[in-house]
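**Student:** Sequence and predicted structure, then a few things I'm wondering about:
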Amino acid sequence: MRTSARNQFAGTVADVKAGAVNDEVTLRTQDGLDIAAIITHDSAAALGLAAGKPAFALVKASSVLIMVDTDASKVSARNCIAGTVASVTKGAVNAEVVIAAQGGAKIAAIITNDSVDRLGLANGKAASAIFKASSVIVGVDQ
């Protein structure tokens, strides 16, 4: 699979909580992360999502926020992945920041250069990648 999404997580569905309109899907990645996704009930049914089914999650880098000194219990977003800054690549206005989580997963974010400077982001600094469950696209191979 090739997509333009910088963040691609392969894994297995750990849980599906069905709702009338939306379902909450938890994907356990090969790196040991649990990624929460909110998708429509119809989409979950059409994909045949159930515990144990192989699936993948996609998250655009522009949907990822970076925080330092984060207390995950005080963030409303379901996905708060702690790690360290693996790289910072500045452009004219924005920068790509890659967070390396325990287990080897990497999460890319696009944030402003001003935010990089204000947060003091540099290689090796502790930081968290945060994204809402509604920003996650779930897919399965045919």
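**Tutor:** That came through, no problem. Numbers count the residues shown, from 1 in each chain.

**Student:** For the rest of this, base every contact and every neighbour count on C-alpha atoms.
**Tutor:** Noted.

**Student:** which stretches of the protein form strands?
**Tutor:** For the chain, applying DSSP state E gives strands covering 7-17, 22-29, 34-40, 54-59, 65-67, 79-90, 94-101, 106-112, 126-131, 137-139.

**Student:** Give me whichever of these is most buried.
**Tutor:** The highest mean neighbour count among the strands of the chain, using mean count of other CA atoms under 10 Å, belongs to strand 126-131: a mean of 24.

**Student:** For it, which strands pair with it and how are they oriented?
**Tutor:** strand 65-67 (antiparallel), strand 79-90 (antiparallel) (DSSP bridges).

**Student:** Any chance of JSON lines for these, columns mean pLDDT?
**Tutor:** What follows is those, written out as JSON lines (pLDDT from 0 to 100):
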{"stretch": "strand 65-67", "mean pLDDT": "97"}
{"stretch": "strand 79-90", "mean pLDDT": "97"}
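
**Student:** quick one: which of those strands is nearest Gly19?
**Tutor:** If you check each of the strands paired with strand 126-131 against Gly19 by CA to CA, strand 79-90 wins as the nearest, at 19.7 Å.

**Student:** so what's Ile107 scoring on pLDDT?
**Tutor:** The model reports Ile107 with a pLDDT of 98.

**Student:** That one against Ala100, yeah?
**Tutor:** Yes - proximity of Ile107 to Ala100 meets the contact threshold set by CA atoms under 8 Å, at 6.6 Å.

**Student:** Could you tell me which residues make contact with the residue nearest to Val98 when sequence neighbours are not counted?
**Tutor:** Nearest residue to Val98 in three dimensions, chain neighbours excluded: Ala108, at 4.4 Å (CA to CA, 6 or more residues apart in numbering). Residues counted as contacts of Ala108 (CA atoms under 8 Å, 6 or more residues apart in numbering) are Arg6, Asn7, Ala61, Val64, Glu96, Val97, Val98, Ile99.
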